[in-house]
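Chemist: model the structure of this input:
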Amino acid sequence: MQYFALLISHERDLAPEERAAEMRAYERFHAKARPAIRAGDALAPAATAVHVTGGPDAPVVTDGPFAEGAEVACGYYVFEAENLDEALAFARDIPVAKHGAVEVWPTVHAIEPARKSSGDEWLALLMEPPETTHAPHTPEWNAVAERHGEFAAAAGDHIVGGAALHDRSTATTVRVRDGEVVITDGPYAEGAEVANGFYVLNASERDEAVKVASMIPASTVQLRQLAGISGL
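Modeler: Numbers count the residues shown, from 1 in each chain. Just a heads-up that it's a prediction; the model follows:
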């Protein structure tokens, strides 16, 4: 089964030696977890984020940044794991867990990435109010899935990966503090909207990525460019 891990942290200005140490930590993590990693990358700074609200019929595009000082998504992974415990074991080894958090969600209908990130890819995180999210394979969920099928047909090769996520009750947040692993049920932050899916989109420029993201049938799409530095 595949699990989506969303990395969350304050954005930090690191000194060169600190940045190099963090890169080495991620290299060690990749060496250990590589057989289980199906996709992943860091995200470009939150100041470059784009929010698309209103759905495909009346999209409203708002540029970042997020609120100053807020903890924001800074990367993601997709793991292949036997069960949640194995996925959480991978999550606790991700370096960001020591100063931020990792949200882990089981996926539904994952789309395998077509290729490595080239720097022209974008993470589109789909957000919905809790009252409009539905359990997989219910009639309501199937109706939304049909709309995503229509989006996939229209977007074509712009889609290079993605998955629906199970409902928020299946999310687990992992933190590591002073060597102690802290695992809590639910997403990292309680908010008006929760993640219920993601796409990895290929687009050569921002306007093209926004155009594709505006077609996605979701209440809100958080669009972030991939940094293209994962080395996966």
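Chemist: any stretches of this protein with poor pLDDT?
Modeler: Per-residue confidence for the chain (pLDDT under 70) gives these ranges: 65-69, 112-119, 190-191, 230-232.
Chemist: ok, now with 90
Modeler: Residues of the chain meeting the criterion pLDDT under 90: 10-15, 45-47, 63-72, 109-120, 129-137, 167-169, 186-194, 228-232.
Chemist: for it, which strand is longest?
Modeler: When the chain is parsed with DSSP state E, its longest strand is strand 101-111.
Chemist: neighbouring contacts of it?
Modeler: By CB atoms under 8 Å, 6 or more residues apart in numbering, the residues outside strand 101-111 that reach it are 1-9, 38, 71, 78, 84, 87-88, 91-92, 94, 96, 136, 145, 159-166, 170-175, 187-188, 195, 199. C-beta: built from backbone N, CA, C; applies to glycine.
Chemist: what about 7 Å?
Modeler: Here strand 101-111 makes contact (CB atoms under 7 Å, 6 or more residues apart in numbering) with 1-8, 78, 87-88, 91, 94, 96, 136, 159, 161-166, 170-175, 187-188, 195.
Chemist: for Ala47, give me phi and psi.
Modeler: Note on Ala47: its backbone torsions stand at phi -60, psi -20 [degrees, to the nearest 10].
Chemist: so how far is Gly64 from it?
Modeler: Using CB to CB, to the nearest Å, Ala47 is found at 5 Å from Gly64.
Chemist: do Gln225 as well
Modeler: As judged by CB to CB, Gln225 and Gly64 stand 11 Å apart.
Chemist: also Ala195?
Modeler: To Gly64, Ala195 is 17 Å away according to CB to CB.
Chemist: residues near Glu27, how many?
Modeler: As a burial measure, Glu27 scores 12 neighbours (other CB atoms under 10 Å).
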